[in-house]
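Asker: predicted coordinates and the sequence they were generated for:
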Amino acid sequence: MFIAYGDSRVGLIRKVNEDSISDCSGPVFILADGMGGYVGGQVASRLAVESGTGFLKNVPLEKISEGLLKESILHANQVVLTEKMKKPELDGMGTTMITVGINDNVLSWAHVGDSRLYIYHKEILQQVTTDHSFVMELLRKGKITEDEMHEHPRKNEITRAVGIKKALEVDTGTIRLKNNTLILLCTDGLTGMVDDTHIAKILSEYRNFTKEDLMNCGEHLFNAAYNAGAADNVSLILIDYWGRKGGEG
């Protein structure tokens, strides 16, 4: 039904990788981008992925839902907050978190922060999630343009994150997958360096249902970020959903 590939790499400027991803065996995939200093960011993203994975580990496939994925993020939020209380030196740490689960042809998702979920099908790239960021709020209010977003001094400031407040609003949703769909989870280390048009072009060159080809596709995305300067760490998970017999193409 699907194959997946993921990796998390240090960029060209930062010395420490503050991102974390789950393993790619599925059917649940988690990606997180930490903040709050090298140590804090590392700890926050790792705790988010580990606690989210643990929360969902023994859940039957048919029980995976957007509501349950939301609960996993709220659980991770409490875990990170508890760790901060134990260790004052980690004060200020937090992380984005995006979690997806695939059950048959239904993809459920939940997220906070500016890490993204994309769907690519029939040459069309769709950003599913909405960034929880300061500049996105300004754009929604009509105070800046899309072009101004990329140059704004507060472009990296997020408005929602795991581990910052006890009350956390989590966005969720479901998508009915069509056959031959690529699913991309990524941090802003990719999207801050490579625009959607370029991402879509790279995905369009992926043709075959093999793990090796999927890894090559991911490698091309990493290379695009590095060629653009890789100012941040870069993490991504690629899932190739080829569907089921009789499924919609």
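Answerer: Structure received. Residues are numbered from 1 along each chain as shown.
Asker: show me the contacts for Ile202.
Answerer: Counting by C-beta atoms under 8 Å, 6 or more residues apart in numbering, Ile202 makes contact with Cys217, His220, Leu221, Ala224. (Glycine included, C-beta is placed from N, CA and C.)
Asker: just name the shakiest helix or strand of this protein by mean pLDDT.
Answerer: helix 146-149 (a mean of 74; mean pLDDT, DSSP states H and E).
Asker: and that helix, C-alpha only, in CSV?
Answerer: C-alpha atoms of helix 146-149 as CSV (Å, rounded to 0.1, in the frame of the first residue of the first chain):
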residue,chain,number,x,y,z
GLU,A,146,3.5,36.7,0.3
ASP,A,147,6.7,38.2,-1.0
GLU,A,148,7.1,40.3,2.1
MET,A,149,6.7,37.2,4.3
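Asker: what residues sit buried inside that helix?
Answerer: For helix 146-149, a neighbour-count test (16 or more other C-beta atoms under 10 Å) marks Met149 as buried.
Asker: could you give the separation of the helix or strand that that helix is followed by from the chain centroid?
Answerer: Using DSSP states H and E, the helix or strand that follows helix 146-149 in sequence is strand 171-176. Relative to its chain's centre, strand 171-176 lies at 14 Å (C-alpha atoms, centre = their mean, to the nearest Å).
Asker: how about strand 171-176: buried residues?
Answerer: Asp171, Thr172, Ile175.
Asker: what lies in contact with it?
Answerer: Contacts of strand 171-176 (C-beta under 8 Å, 6+ apart): 65-67, 69-70, 105-112, 119, 128-130, 132.
Asker: quick one, strands of this structure?
Answerer: 2-9, 19-21, 28-35, 94-95, 97-103, 106-112, 116-121, 124-127, 171-176, 181-186, 234-241 (DSSP state E).
Asker: could you single out the most deeply buried of these?
Answerer: For the strands of the chain, the largest average neighbour count (mean count of other C-beta atoms under 10 Å) is found in strand 94-95, namely a mean of 32.
Asker: show me what that one is packed up against.
Answerer: strand 28-35, helix 37-56 (3 or more C-beta pairs under 8 Å, 6 or more residues apart in numbering; DSSP states H and E).
Asker: cutoff 10 Å now
Answerer: When contacts are defined as 3 or more C-beta pairs under 10 Å, 6 or more residues apart in numbering; DSSP states H and E, strand 94-95 sits against strand 28-35, helix 37-56, helix 66-86.
Asker: give the rounded mean pLDDT of it.
Answerer: For strand 94-95, mean pLDDT rounds to 98.
Asker: chain center to that strand, what's the gap?
Answerer: Worked out by C-alpha atoms, centre = their mean, strand 94-95 lies 13 Å from the chain centre.
Asker: surely Leu168 and Glu71 touch.
Answerer: No. At 11.4 Å, Leu168 does not count as touching Glu71 under the criterion of C-beta atoms under 10 Å.
Asker: which one's more surrounded, the two?
Answerer: Using other C-beta atoms under 10 Å as the criterion, Leu168 and Glu71 rank with Leu168 on top: 19 against 16.
Asker: and the strands of the chain as a markdown table, adding distance to Lys201?
Answerer: Output for these, formatted as a markdown table (distance: least, C-beta to C-beta, whole Å):
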| stretch | distance to Lys201 |
| --- | --- |
| strand 2-9 | 19 |
| strand 19-21 | 24 |
| strand 28-35 | 22 |
| strand 94-95 | 30 |
| strand 97-103 | 23 |
| strand 106-112 | 23 |
| strand 116-121 | 11 |
| strand 124-127 | 9 |
| strand 171-176 | 23 |
| strand 181-186 | 13 |
| strand 234-241 | 15 |
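Asker: please name the bridge partners of the residue nearest to Glu62 when sequence neighbours are not counted.
Answerer: Nearest non-adjacent residue to Glu62, counting by C-beta to C-beta, 6 or more residues apart in numbering: Asn103, 6.3 Å away. Beta-bridge partners for Asn103, by DSSP bridges, are Val106.
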